[in-house]
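K.L.:
curious how this folds, go ahead:
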Amino acid sequence: MTQFAVSGQHYLFNVQTFASIVLSNGGDEYEYAFRDRTTQGVIDDVASGISEIGVLVETTRTADDLEAAFAAAGLEFVELIQSAPRVALPASHPLINADKLTLEQLEDYPYIYFEQEDGAPVFMAEEALADEERHKGIACTDRASLSELIVALNGYTVTSGILVGISDGAGLNTVPLDTDVKLHLGYVVKKGAALSETGEKYVAKLESNLKKYARF
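P.N.:
Alright, predicted model coming up:
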């Protein structure tokens, strides 16, 4: 019987990749788990062994601190692709047709982001440029709620821009963010551990999806 578990930050490409592996593996019996977690939750799941792989994103600002956290937990980060941050907005947003946006242009609009644990350092944030000051911020813990709040409040978030395959992202469009910060998209595993057959298939499909849908 196939058994496989993935934990990850709240990315649509991760959901799509996971679903495609379940479908391609098929079978009459299997036991899978897909866990949306905070950044620390992803680290803890992989370190404890309840998930084989943890999908995470580093940025050029957070990489050093995250690498130290991974090492302390006995994990290693494998980069699959680099990308550029984008602003996710509802299709009706006044700034949706901009060629690119700065955070200053967005300061009058609510910033919707994924909440981390109490006291979590800013480098654990899922969103690039989370260390920049905002005047209006709303934290949430659920991917669908984040999308709904962005649409309902004419808000925004900062994302990879890879909004594919799942209805949660259907009401959002993305615009490039004017920044030199880069995203490093990849995954963590236990240091020195060999991936299972399903894990290898998952990583190959994840890399393929990222290269196909990444926005710059």
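
K.L.:
now do the helix or strand hosting Val15: distance to the chain's middle.
P.N.:
In this structure, Val15 sits in helix 12-25 according to DSSP states H and E. Computed by CA atoms, centre = their mean, to the nearest Å, the chain-centroid distance of helix 12-25 equals 15 Å.

K.L.:
after it, which helix or strand is next?
P.N.:
Trace forward from helix 12-25 with DSSP H and E and the next one is strand 30-36.

K.L.:
show me the domain layout of this protein.
P.N.:
Using automatic domain parsing, the domains assigned to the chain come out as 2-83+182-213, 86-176.

K.L.:
how about those in JSON lines, adding mean neighbour count and mean pLDDT?
P.N.:
(C-beta placed from N, C-alpha, C; glycine too.) Converted to JSON lines, the domains of the chain look like this (neighbours: other CB atoms under 10 Å; pLDDT from 0 to 100):
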{"stretch": "domain 2-83+182-213", "mean neighbour count": "18", "mean pLDDT": "95"}
{"stretch": "domain 86-176", "mean neighbour count": "17", "mean pLDDT": "89"}
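
K.L.:
for the chain, which helix is longest?
P.N.:
In the chain, assigned by DSSP state H, the helix with the most residues is helix 197-213.

K.L.:
what strand or helix carries the closest residue to Pro121 other than its chain neighbours?
P.N.:
In this structure, Pro121 finds its nearest non-sequential neighbour in Asp65, 7.0 Å apart by CB to CB, 6 or more residues apart in numbering. Counting by DSSP H and E, the element that carries Asp65 is helix 63-72.

K.L.:
and that helix, what does it pack against?
P.N.:
Judged by 3 or more CB pairs under 8 Å, 6 or more residues apart in numbering; DSSP states H and E, the packing partners of helix 63-72 are helix 39-48, strand 53-59, strand 75-83.

K.L.:
report the outermost residue of this structure with respect to its centre.
P.N.:
Going by CA atoms, centre = their mean, the residue of the chain most distant from its centre is Asp28, 30.9 Å out.

K.L.:
and the gap between that one and Thr2?
P.N.:
Applying CB to CB, to the nearest Å, the value for Asp28 to Thr2 is 10 Å.

K.L.:
now swap in Glu104 and tell me
P.N.:
Glu104 is 49 Å from Thr2, by CB to CB.

K.L.:
SS state for Leu89?
P.N.:
strand (DSSP: H, G, I helix; E, B strand; the rest coil).

K.L.:
who does it form a beta bridge with?
P.N.:
Asn173 (DSSP bridges).

K.L.:
my read: it touches Pro176, true?
P.N.:
No: Leu89 is beyond contact range of Pro176, at 11.7 Å (criterion: CB atoms under 8 Å).

K.L.:
spatially nearest residue to Ile21, not counting backbone neighbours?
P.N.:
Using CB to CB, 6+ apart, the closest residue to Ile21 is Tyr202 (5.0 Å).

K.L.:
from Thr38, how far off is the one you found?
P.N.:
21 Å.

K.L.:
please apply the same query to Ala128.
P.N.:
16 Å.

K.L.:
likewise for Tyr187?
P.N.:
From Tyr187 to Thr38 the distance is 16 Å (CB to CB).

K.L.:
ok, now Thr102?
P.N.:
In terms of CB to CB, Thr102 sits 28 Å off from Thr38.

K.L.:
equivalent analysis for Glu52, please.
P.N.:
19 Å.
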